[in-house]
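Q: Sequence isn't available, so here's the structure alone:
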């Protein structure tokens with residue numbers, strides 16, 4: 001394996017780079033309010049779904065006949081600002097996917113990711129437990145708010161803000177929405193789990209550049225909206241199977257180029273076993289002996305250890321010791337490098353702060369580059 005990075009036990013389609021050359025209709029300097037309404041986000045989500053299905057993008061074979069619920073879940077950043085609108089995609093009343101659209105134009109391209117066959121999380125229970133812990137830990141404090149947040153992307157949980165009435169100090173209580181475990185409010189490190197702000201990470205690209213990227217995605221949505229209107233399809237409301245059939249082959253829905261390697265899917269068995277799951281999936285793909293995730297964990301840690309999970313050097317060590325692959329850490333693969341790896345039959349670890357996943361493919365469509 002030439003490259004090792006970190007990632008998830010679900011298929012996620014994530015924007016890597018926007019390659020379209022479009023002129024913003026309104027300059028960043030003229031715009032005052034950068035928030036995105038739920039109605040606007042819904043239109044973007046519909047346009048994305050139409051684009052992928054109509055172009056026969058891999059992974060969407062089962063989405064024909066699917067529809068998006070127009071009422072999204074609002075997910076916040078740990079800094080308290082609205083981060084995503086998460087739209088649920090249903091087919092025959094079964095949840096088959098989610099689409100995350102950014103809630104603020106300063107965060108860049110409107111599209112964040114699409115997840116196939118997601119596991120529903122326990123929002124109500126997580127919020128309840130978060131408030132209970134806040135009351136227990138700070139009995140004289142005042143609860144200011146409880147929100148569903150992305151506390152360590154892609155991890156979702158409840159965050160309760162409680163204010164000490166005497167000192168005025170605010171405290172944050174996090175509870176994971178899947179495991180209902182409390183998450184400590186501390187920075188993520190290689191050896192300790194914690195929380196980090198996706199909002200702040202996205203702003204590192206610069207507000208001006210992000211606004212241009214959002215405008216490009218908006219222009220693409222408008223072009224699909226116009227093509228749809230020409231065929232009598234309104235993407236401001238739920239799009240039907242017949243609507244999508246009308247749009248196949250239209251100029252705004254360009255053909256895609258893609259490669260996916262068919263890596264066997266394995267979900268992580270505990271909230272820290274993302275590295276173990278990634279190792280397991282690639283082992284299965286290459287046909288190597290595939291131990292359990294617990295065995296992989298025990299290979300590096302003893303019974304008295306209490307780590308956050310595997311660090312990058314340990315992931316590389318496994319590749320070298322068990323697969324005979326020369327590992328290297330590249331924290332910023334270019335699109336060309338991703339294509340080279342996948343075209344040469346090499347799925348790889350993909351890394352974000354505190355989390356591993358496996359990259360098993362790419363998609364180029366409408367001037368955008370995505371990874372699976």
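A: Cool, the structure landed. All values reported here derive from a predicted model rather than from experimental measurement.
Q: what ranges do the helices span in the protein?
A: With DSSP state H as the criterion, the chain has helices at 38-54, 123-137, 198-203, 207-230, 241-247, 274-286, 293-300, 312-323, 335-343.
Q: what residue ranges in the chain score low on pLDDT?
A: 1-32, 248-255, 303-304, 306 (pLDDT under 70).
Q: returning to what we had before: let me have the helices of the chain in a markdown table, extended by mean neighbour count and distance to residue 108.
A: For the C-beta atoms, the positions are set from N, CA and C on the backbone; glycine is no exception. Listed next are these as a markdown table, based on neighbours: other CB atoms under 10 Å; distance: least, CB to CB, whole Å:
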| stretch | mean neighbour count | distance to residue 108 |
| --- | --- | --- |
| helix 38-54 | 23 | 13 |
| helix 123-137 | 17 | 26 |
| helix 198-203 | 18 | 6 |
| helix 207-230 | 19 | 4 |
| helix 241-247 | 16 | 26 |
| helix 274-286 | 24 | 25 |
| helix 293-300 | 17 | 34 |
| helix 312-323 | 17 | 26 |
| helix 335-343 | 16 | 16 |
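Q: can you redo those as a markdown table with distance to residue 353?
A: Below are those laid out as a markdown table (distance: least, CB to CB, whole Å):
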| stretch | distance to residue 353 |
| --- | --- |
| helix 38-54 | 25 |
| helix 123-137 | 21 |
| helix 198-203 | 8 |
| helix 207-230 | 19 |
| helix 241-247 | 37 |
| helix 274-286 | 12 |
| helix 293-300 | 20 |
| helix 312-323 | 12 |
| helix 335-343 | 19 |
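Q: Out of those, which is closest to residue 65?
A: Of all the helices of the chain, helix 241-247 sits nearest to residue 65, with 4.3 Å by CB to CB.
Q: so what does that closest one touch, helix or strand wise?
A: In terms of contacts (3 or more CB pairs under 8 Å, 6 or more residues apart in numbering; DSSP states H and E), helix 241-247 is packed against helix 38-54, helix 207-230.
Q: how far does that helix sit from the chain's center?
A: Remark: helix 241-247 is offset 27 Å from the chain centroid, using CA atoms, centre = their mean, to the nearest Å.
Q: Also stretch 352-367?
A: 9 Å.
Q: what about it, start to end distance?
A: This stretch, stretch 352-367, spans 24 Å end to end (CA to CA, to the nearest Å).
Q: about what we covered before: compare the helices of the chain and give me the one nearest residue 259.
A: Within those, the stretch nearest residue 259 is helix 335-343; the backing value is 5.2 Å (CB to CB).
Q: Off-centre distance for the closest one?
A: 20 Å.
Q: again with stretch 295-309
A: Using CA atoms, centre = their mean, the offset of stretch 295-309 from its chain centre is 27 Å.
Q: what sits up against it?
A: 188-193, 272-276, 279-280, 291, 310, 314, 318, 354 (CB atoms under 8 Å, 6 or more residues apart in numbering).
Q: Same check on stretch 84-91?
A: Contacts of stretch 84-91 (CB under 8 Å, 6+ apart): 36, 38, 41-42, 45, 49, 62-63, 65-70, 72-75, 95-103, 112, 150.
Q: Mind giving me the ChimeraX select for the residues you listed, buried ones only?
A: Buried members of the contacts of stretch 84-91, defined by 16 or more other CB atoms under 10 Å, are picked up in ChimeraX with:
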select :36,38,41,42,45,49,63,66,67,68,70,72,73,75,96,97,98,99,100,101,102,103,112,150
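Q: Just the ones in strands from the contacts of stretch 84-91, please.
A: Using DSSP state E, 67-68, 73-75, 95-102, 112, 150 are the members of those that sit in strands.
Q: what's the closest of those residues to residue 350?
A: Distances from residue 350 to those, taken by CB to CB, are shortest for residue 112, at 15.1 Å.
Q: Is the closest one in contact with residue 103, as I believe?
A: No: Residue 112 lies out of contact with residue 103 (CB atoms under 8 Å); the separation is 10.1 Å.
Q: How is the protein divided into domains?
A: Domain assignment for the chain by automatic domain parsing gives 12-120+205-258, 123-200, 259-361.
Q: now for the ones you listed, which one comes closest to residue 370?
A: Of all the domains of the chain, domain 12-120+205-258 sits nearest to residue 370, with 5.3 Å by CB to CB.
Q: quick one: the closest residue to residue 178 other than its chain neighbours from residue 136, how far?
A: Take residue 178 and drop its neighbours on the chain: the residue closest to it by CB to CB, 6 or more residues apart in numbering is residue 121, 5.2 Å away. Residue 121 sits 23 Å away from residue 136, going by CB to CB, to the nearest Å.
Q: Also residue 45?
A: 39 Å.
Q: isn't residue 352 right up against residue 153?
A: Yes: using CB under 8 Å, residue 352 is in contact with residue 153, at 6.3 Å.
Q: so how many other residues sit close to residue 359?
A: Using other CB atoms under 10 Å, residue 359 is surrounded by 25 other residues.
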